[in-house]
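In: Sharing a model that was predicted from the sequence below.
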Amino acid sequence: MLEISELRKTFAGGPGAPGGKLALDGVSFSVRPGEMYGFVGANGAGKTTTMRIVMGVLQADSGSVSWQGRPLGYDARQRFGYMPEERGLYQKMRVGQQIEYFGRLHGLSATAAKKATDDLLQRLGLIERRNDAVQALSLGNQQRVQLAVALVHDPEVLILDEPFSGLDPIAVDALAAALQERCRSGVPVIFSSHQLELVERLCDSVGIVSSGRMVATGTVEELRAAEGGTTVVAVRDPAPGWADGLPGTVTVDGDLHILRTNTGDGQELLRRAMKAGAVERFGAEHPSLTEIFKEAVA
Ligand SMILES: Nc1ncnc2c1ncn2[C@@H]1O[C@H](COP(=O)(O)OP(=O)(O)OP(=O)(O)O)[C@@H](O)[C@H]1O
């Protein structure tokens, strides 16, 4: 288990912020082996800072990070895979050479690094680009190379800062499949993203950070349950005043009147709607992750 506990970080102040900038104010969450964890938050919420602290790029003022019950140190971090926000590829180096090079840096033999590179190039649809310089690749393909660099040493944990940003749907699927495969083999995967539909589709758990604090964490189902469901009834051409006294709000679309409420007795609502006109729809509506997110950070 990767455990992130009570991380606090203030950046030293500059001329515009003499008191310093509180970036993390007690960020805690944990990720189990084989769990895909989506780390979401508005711009400047603290995602990159958290990931940098986990990877040892930054030091926290206080708090701790542990992996498999032990404080996370240099050796264990060497076995992590990391895709930093600032990316970090050698633009003039050839694609294959680059991935092999990072494999060697992580301690792979030349043969193992070459084999891992070949596998990844194949899987990520880059095999034809093996001998091209990185700078000749499109942004999306450079991102695939960056992922290959994070995966080449078969990491125990994956930490990815916005891995899907700027990718076309085909590249998103290729990258998602590569991450899901790692998850299935027991690797915890944490990634940050602003693409909430993607997070909802891929992640077992989600953490929402706002102004350096965790405001929600759990499975998407748990977050939904905490938010509460909405009952919806749609009636065609109802008698005037049909919804008087009922809780919720009515929207009108042509002759269809739609009432949404998260309080009250659903059966009573249905009875009133059936009396008023032809009921076209009745049921529960669950909030999307985007709606949960907006509510949590409001
Ligand atoms: N090196 C730094 N010096 C000063 N302030 C910083 C530094 N790095 C981050 N911050 C500030 O810390 C806060 C958290 O930033 P961080 O980059 O972690 O947010 P984020 O959630 O990753 O945002 P985004 O979604 O925009 O990438 C922001 O207010 C940011 O301006």
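Out: Nice, thanks for sending it over. Numbers count the residues shown, from 1 in each chain.

In: List the beta-bridge partners for residue 158.
Out: In this entry, residue 158 is beta-bridged to residue 81, residue 189, by DSSP bridges.

In: Contact partners for it?
Out: Applying C-beta atoms under 8 Å, 6 or more residues apart in numbering, we find residue 158 in contact with 80, 81, 82, 150, 151, 179, 182, 187, 188, 189, 190, 191. (Each C-beta comes from the backbone N, C-alpha and C, glycine too.)

In: Now with 10 Å, please.
Out: Applying C-beta atoms under 10 Å, 6 or more residues apart in numbering to residue 158 gives the contacts 31, 36-37, 80-83, 147, 150-151, 178-179, 182-183, 187-191.

In: Then residue 98?
Out: Counted by C-beta under 10 Å, 6+ apart, residue 98 has contacts 89, 90, 91, 92, 117, 133, 134, 145, 146, 148, 149, 152.

In: and stretch 7-15, which residues are buried?
Out: By neighbour count on 16 or more other C-beta atoms under 10 Å, the buried set for stretch 7-15 is 7, 8, 9.

In: can you give me phi and psi for the first one?
Out: According to degrees, to the nearest 10, the main-chain angles of residue 7 amount to phi -70, psi 130.

In: show me the residues around it that make contact.
Out: Residues near residue 7 by C-beta under 10 Å, 6+ apart: 23-29, 46, 49-50, 53-54, 60-65, 212, 214.

In: Restricted to buried residues, select those in ChimeraX.
Out: Per 16+ other C-beta under 10 Å, the buried members of these correspond to this ChimeraX selection:
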select :23,24,25,27,29,46,49,50,53,54,60,63,65,212,214
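
In: contacts with the ligand among the contacts of residue 7, please.
Out: 23, 46, 49 (C-beta under 6 Å from any ligand atom).

In: Can you flag which of those residues belong to helices?
Out: Those of those mapping onto helices are residue 49, per DSSP state H.

In: Let's have the ones next to the ligand among the contacts of residue 7 in JSON lines, adding pLDDT.
Out: Below are the ones next to the ligand among the contacts of residue 7 laid out as JSON lines (pLDDT from 0 to 100):
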{"residue": "23", "pLDDT": "94"}
{"residue": "46", "pLDDT": "96"}
{"residue": "49", "pLDDT": "97"}
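
In: Is it possible to get the ones next to the ligand among the contacts of residue 7 out as TSV so that each row also shows distance to residue 73?
Out: Listed next are the ones next to the ligand among the contacts of residue 7 as TSV, based on distance: C-beta to C-beta, whole Å:
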residue	distance to residue 73
23	23
46	23
49	20
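
In: residues near residue 85, how many?
Out: Residues lying near residue 85 (other C-beta atoms under 10 Å) number 15.

In: Then residue 125?
Out: Neighbours around residue 125, by other C-beta under 10 Å: 13.

In: how would you label it: helix, strand or coil?
Out: coil (DSSP: H, G, I helix; E, B strand; the rest coil).

In: ok, it - contacts?
Out: Per C-beta under 10 Å, 6+ apart, neighbours of residue 125: 141, 144, 170, 171, 174.

In: Please work out which helix or strand belonging to the protein has the smallest mean pLDDT.
Out: Sorting the helices and strands of the chain by mean pLDDT, DSSP states H and E puts helix 220-227 at the bottom, at a mean of 82.
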